[in-house]
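Trainee: Here is my input; please provide its structure:
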Amino acid sequence: MNPIGHLGIVLSVFGFVVFGLVARDETRAAKIVVVTALPMGLAPDIDLRITQLAHRGLTHTIWAAFLAGGVLALVAFRFEPLTLAGKGEETFYGFVTGFGGICCHLAGDVITPMGIKPLYPLLEKPHTFDLVYASNQSANLALLVFGVITFQIAVQQARIADPIPAYTLGFVHRDLGFESESGTDIET
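Mentor: Below you'll find the model as predicted:
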């Protein structure tokens, strides 16, 4: 696929991640996830610019996705906390953004006749669904339009959804004003 097709796939997939964040009123975190996921969805094609790398080689593997996820998890862990529940949650979203962004790119390339080798160099057999050529402008534009629409729907639905509670560790019944171990305050 070309960049607009890849961006459409990233928007459609990360619409669900953003839904969860916006529904929890974590708008700042949602913006950071999207702004980071979009370039991650284009990152594997760096092999087009670096002549020493074969196109759809190592940058188009699950290993690259794990590496990107690990790097973004480390970056998220090292920086100042957002409004999320803590470093663990931020690290998780860092990993999801890196890993998911690369996997979105792989999903866009696996539908082309050239395919990808997701486990290269362990397995050199290419995988393809051979649905559409990467240069098909109509398909790329359709993916972008689909991504923008699904992303917009996800954000709108998240804004009108009931808030989703953020679960934290160390929940104690006393935090809610209950005195008994059962979680009720009914005297018999």
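Trainee: thinking residue 113 is in contact with residue 127, fair?
Mentor: No - if you go by Cβ atoms under 8 Å, residue 113 and residue 127 don't touch, sitting 11.6 Å apart. Where C-beta positions appear, they are placed from N, C-alpha and C, glycine not excepted.
Trainee: so where do the helices sit in the chain?
Mentor: 3-23, 27-42, 62-78, 87-110, 137-160 (DSSP state H).
Trainee: could the ones you listed be laid out in CSV, adding mean neighbour count?
Mentor: Below are those laid out as CSV (neighbours: other Cβ atoms under 10 Å):
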stretch, mean neighbour count
helix 3-23, 22
helix 27-42, 19
helix 62-78, 18
helix 87-110, 22
helix 137-160, 16
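Trainee: Need the contact partners of stretch 48-62.
Mentor: 43-47, 64, 103, 105-106, 109, 114-121 (Cβ atoms under 8 Å, 6 or more residues apart in numbering).
Trainee: Narrow those to those in strands?
Mentor: Residues of these located in strands (DSSP state E): none.
Trainee: Any regions of this structure where pLDDT drops low?
Mentor: 80-86, 162-188 (pLDDT under 70).
Trainee: 90 instead, please
Mentor: 23-29, 51, 53-55, 57, 76-91, 121, 158-188 (pLDDT under 90).
Trainee: Could you count how many residues lie near residue 130?
Mentor: Other residues lying near residue 130 total 11 when counted by other Cβ atoms under 10 Å.
Trainee: Tell me who's in contact with the residue lying closest to it once chain neighbours are set aside.
Mentor: Using Cβ to Cβ, 6 or more residues apart in numbering and skipping the chain neighbours, the partner closest in space to residue 130 is residue 113 (4.9 Å). Residues counted as contacts of residue 113 (Cβ under 8 Å, 6+ apart) are 128, 130, 133.
Trainee: Cool, thanks, talk later.
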